[in-house]
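Peer 1: give me a 3D structure for the following:
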Amino acid sequence: MSLRRQIRDESDFDQLPHNIPISATIADIEEKKGFIDYFRFVIEVKTKGGSKYLIYRRYSEFFNLHQILESKYSPENPEKPGPNTCTLPTLPGKIYIGNKQEIAENRIPELNTYMKRLLGLPTWLLLDEALRMFFYQTDQDSQQRPQALRRLRPPTRKVKTVKPPKKDMFSSPRAEGTVNNQTGIFPESFVKIIKPLPESDSEGEGGGYTYSCLRCFLLTPSGVEARDVCVQEDLTSQPSHKELLARMSDVFKVDDIALNYRDPEGDLIRILDDEDVQLMIKEARGQQGNVKRPVNQFPWELHVTMASDLSVYSSED
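Peer 2: Just a heads-up that it's a prediction; the model follows:
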């Protein structure tokens, strides 16, 4: 780089606002359990003015940002000729198969490199609205409480391990289940531990996570299989048709499925889009007082069938 170019770039940088992000590092990953389970990256952002804060972003948000920047500034885009073009860093590609946690962990060094190179591009690109919004700490970001910040902690000495006290029933991980509207503790042989209880009250408000339960059924020629799916979404939340379809496919390990709900007459109604999901929730809430449910269970239920099976629907002769 010539001395004249370097002086110009330094001058441009001095004129940037103090809240412009200049570096970002992934501090940890966190699992988000909802209608679709996913991992998000906890990112520490540093601004030109010296402030630091945390933001929470999914890989899909990285991907969307990259698509926007490519459409605006990539020199290979024939629709956007002009002086404001630059070669963007390479974003790690999408991965469709594999353990979600391992995929997220393996992406950390690649995404760190991507962010470092992205924020090291010409200063005029740092003013791009999409880029600034990606690194901006929203109100939702500021209200989050990180579970841990493993990658920001300095190395520590190995300390002597103290043998933990003998566990009793209340200190061990526990699971509750509901059968015939009665909730109780299941025997250990019937339980698969997905996530142990937190060691402290640092997770969530009031200590621990608050889970909601969604009752769902798989209808096949061989019978009906019932499942209770736990999510962290509030009982008033309305998932999208796409989210529910993906979650049910994962729960029952089947593809080419259709979602349904039962109307007040007991007939199955196929759900085709988000408007149908809204109608299902509205009808379920209207009948909420007629059905006794646990306090943490959604008022609506899902009935999963094969997409090609039309025999489950009532038809007039």
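Peer 1: just name the shakiest helix or strand of the chain by mean pLDDT.
Peer 2: One helix or strand of the chain scores below all others by mean pLDDT, DSSP states H and E: strand 182-185, with a mean of 54.
Peer 1: how far is the helix or strand following that one from where the chain is centred?
Peer 2: Going down the chain from strand 182-185, the next helix or strand is strand 212-220, by DSSP states H and E. Relative to its parent chain, strand 212-220 has a centroid offset of 21 Å by Cα atoms, centre = their mean, to the nearest Å.
Peer 1: now do stretch 47-54
Peer 2: 25 Å.
Peer 1: not counting its own residues, what contacts that stretch?
Peer 2: For stretch 47-54, contacts defined as Cβ atoms under 8 Å, 6 or more residues apart in numbering pick out 13, 16-22, 27, 42-46, 137, 141-142, 144, 146. All C-beta spots, glycine's among them, are computed from the backbone N, C-alpha and C.
Peer 1: show me which of the residues you listed are buried.
Peer 2: Buried residues within the contacts of stretch 47-54, counting neighbours by 16 or more other Cβ atoms under 10 Å: 16, 20-22, 27, 42-46, 137, 141.
Peer 1: what would these look like in JSON lines with distance to residue 114 and pLDDT?
Peer 2: Conversion of those to JSON lines gives the following (distance: Cβ to Cβ, whole Å; pLDDT from 0 to 100):
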{"residue": "16", "distance to residue 114": "21", "pLDDT": "82"}
{"residue": "20", "distance to residue 114": "18", "pLDDT": "91"}
{"residue": "21", "distance to residue 114": "14", "pLDDT": "92"}
{"residue": "22", "distance to residue 114": "15", "pLDDT": "92"}
{"residue": "27", "distance to residue 114": "16", "pLDDT": "93"}
{"residue": "42", "distance to residue 114": "16", "pLDDT": "95"}
{"residue": "43", "distance to residue 114": "12", "pLDDT": "95"}
{"residue": "44", "distance to residue 114": "15", "pLDDT": "95"}
{"residue": "45", "distance to residue 114": "14", "pLDDT": "95"}
{"residue": "46", "distance to residue 114": "16", "pLDDT": "95"}
{"residue": "137", "distance to residue 114": "20", "pLDDT": "92"}
{"residue": "141", "distance to residue 114": "20", "pLDDT": "89"}
